[in-house]
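Colleague: Sharing a model prediction with you, sequence too.
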Amino acid sequence: MTAVLTGTPVPRAAGKPRLTRWVLRLHRPALYAWAGLLVALTALLLGLRGPLADAAAEGWRQYNSCTGTARCSYDQDAIVRYKDYYNYATVALNALPMLVAGWAGAALVGRELESGTALLAWTQGTSPARWLAVRLAVPAIAVAAGAALLSWLHHLAWSAGRGRIDTAKDWYDRFTFYAGGPTAVVLALAGLAAGVLAGLVLRRTLPALLVGMTVTAALRGVTEIALPHLWPAVTRVSTTDQVPLGAGLGVDEGVITRSGARTPVPACHTEAQCRAAYADITGRWSTYHPYSHHWPLQLTTSALVLAVAALLALGSFLALRHSTGAPRTTEKATA
């Protein structure tokens with residue numbers, strides 16, 4: 001019982017299965033579900049990369065070649081099918097970090113602490129720190145490898161429709177950006193770390209599931225807010241009668257007065273108000289990220305989220321140390 005209270009490891013019995021093998025065996029249902037999800041999404045993304053994109057591109061070619069007087073005949077089903085399947089795959093990849101966080105908080109850590117299985121493991125030759133390290137490392141390898149494959153395939157699927165399909169998403173679309181690059185991988189790892197930390201702190205299955213998913217969703221939201229400011233943006237100036245400036249991820253915009261000052265776009269509700277508001281305006285300006293900033297933004301965002309994931313993992317070890325160290329103090333005081 002002393003080993004349970006202090007967390008002091010007991011030598012592992014000869015012939016006992018290794019901890020990594022035990023974790024894989026214990027969480028086989030989750031491993032099978034993860035493999036099934038990988039197979040299904042891989043097949044879907046390969047279809048979007050090839051035949052689905054080709055059919056939709058042909059449908060749009062037919063549509064764009066229609067004239068005002070000729071009867072228009074095009075494959076609308078192929079266009080809608082590509083759009084729907086692309087949205088399904090993109091939403092699934094965006095939801096992946098939350099799913100990982102919920103599983104890590106509930107099944108990976110919370111359930112074992114709630115049921116006392118973790119305490120039993122600590123008496124069988126496994127220190128609490130090693131117990132946690134394996135529960136972080138083994139799923140992290142599986143999650144990182146699978147998410148990297150899916151994000152790469154998603155980027156290929158998006159590239160297949162860019163410039164060929166009129167309804168293809170822009171690179172800065174909030175869901176497309178977070179599904180087709182390393183950001184998807186590090187968000188999944190951050191979800192794993194957030195779920196583990198929630199399980200260690202709350203020690204209950206359902207609360208850990210909810211808190212882990214909430215923290216991961218909040219991290220995603222903060223990342224979206226910070227994204228436009230993680231890389232130097234481009235600013236372009238034009239006159240008031242020119243077409244809108246280059247398209248991209250917008251950061252800020254406004255107008256230029258006769259004195260050269262840059263101010264926000266004036267608000268007006270009537271023709272007279274607008275005439276008066278724009279009387280002193282000679283041009284407009286726009287700050288945005290062009291497509292060339294796609295990968296710099298991906299890498300800087302990934303570095304930021306990876307740092308947060310590392311802090312969450314460190315917090316998990318500190319929480320475990322606190323929870324296993326508190327009983328030790330009580331035991332010494334009693335002695």
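Modeller: Arrived safely, thanks for sending. Residues are numbered from 1 along each chain as shown.
Colleague: Which parts of the chain are helices?
Modeller: For the chain, the helices defined by DSSP state H cover 2-6, 19-26, 28-49, 51-64, 76-103, 111-115, 117-122, 128-161, 174-177, 182-202, 205-226, 271-277, 294-334.
Colleague: among those, which is the most enclosed?
Modeller: Neighbour counts (mean count of other CB atoms under 10 Å) averaged over each of the helices of the chain peak at helix 182-202, with a mean of 27. (Glycine included, C-beta is placed from N, CA and C.)
Colleague: Run the chain-centre distance for it.
Modeller: The chain centre lies 11 Å from the centre of helix 182-202; the measure is CA atoms, centre = their mean, to the nearest Å.
Colleague: same thing with stretch 168-184?
Modeller: 10 Å.
Colleague: what's the answer for stretch 36-49, then?
Modeller: Its chain's C-alpha centre and that of stretch 36-49 lie 18 Å apart, by CA atoms, centre = their mean.
Colleague: Dump the helices of the chain to TSV, plus mean pLDDT and distance to A233.
Modeller: Below are the helices of the chain laid out as TSV (pLDDT from 0 to 100; distance: least, CB to CB, whole Å):
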stretch	mean pLDDT	distance to A233
helix 2-6	43	55
helix 19-26	78	45
helix 28-49	94	30
helix 51-64	89	31
helix 76-103	94	24
helix 111-115	81	46
helix 117-122	73	48
helix 128-161	92	22
helix 174-177	93	15
helix 182-202	94	18
helix 205-226	94	13
helix 271-277	73	26
helix 294-334	81	10
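Colleague: so which of those helices gets nearest W285?
Modeller: helix 271-277 (16.4 Å; CB to CB).
Colleague: quick one, domains of the protein?
Modeller: Annotated domains of the chain cover 2-11+18-225+293-334, 249-289 [automatic domain parsing].
Colleague: so can I have a markdown table of those showing distance to R236?
Modeller: Below are the domains of the chain laid out as a markdown table (distance: least, CB to CB, whole Å):
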| stretch | distance to R236 |
| --- | --- |
| domain 2-11+18-225+293-334 | 14 |
| domain 249-289 | 6 |
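Colleague: Which among these is found nearest to W231?
Modeller: domain 2-11+18-225+293-334 (4.8 Å).
Colleague: With adjacent residues omitted, what lies nearest to Y291?
Modeller: Leaving aside its chain neighbours, Y291 sits nearest to W171 (5.6 Å; criterion: CB to CB, 6 or more residues apart in numbering).
Colleague: What residues does the one you found make contact with?
Modeller: Neighbouring residues of W171 by CB atoms under 8 Å, 6 or more residues apart in numbering: W158, R162, F177, Y291, H294.
Colleague: Out of the domains of the chain, which is closest to V237?
Modeller: Nearest of these to V237, taken as CB to CB: domain 249-289 at 4.9 Å.
Colleague: Could you work out the end-to-end span of that closest one for me?
Modeller: 5 Å (CA to CA, to the nearest Å).
Colleague: same deal with stretch 258-276?
Modeller: Using CA to CA, one end of stretch 258-276 lies 14 Å from the other.
Colleague: what about the closest residue to G254 other than its chain neighbours, how many neighbours?
Modeller: Nearest non-adjacent residue to G254, counting by CB to CB, 6+ apart: P264, 4.9 Å away. Per other CB atoms under 10 Å, the neighbour tally for P264 reads 9.
Colleague: List phi and psi for P264.
Modeller: Here the main-chain torsion angles of P264 (degrees, to the nearest 10) amount to phi -60, psi 160.
Colleague: That one reaches I281, doesn't it?
Modeller: No: if you go by CB atoms under 8 Å, P264 and I281 don't touch, sitting 11.4 Å apart.
Colleague: got any residues that touch both of those two?
Modeller: V255.
Colleague: isn't V308 right up against A218?
Modeller: No: when contacts are counted by CB under 8 Å, V308 is not listed as touching A218 (10.8 Å).
Colleague: How about residues contacting stretch 275-295?
Modeller: By CB under 8 Å, 6+ apart, stretch 275-295 touches 171-172, 177, 181, 228, 231, 233-240, 244-258, 262, 265-268, 297.
Colleague: Make a ChimeraX selection of the buried ones in those.
Modeller: Listed next is the ChimeraX selection for buried residues among the contacts of stretch 275-295, using 16 or more other CB atoms under 10 Å:
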select :171,172,177,181,228,231,233,245,248,249,253,254,255,256,262,297
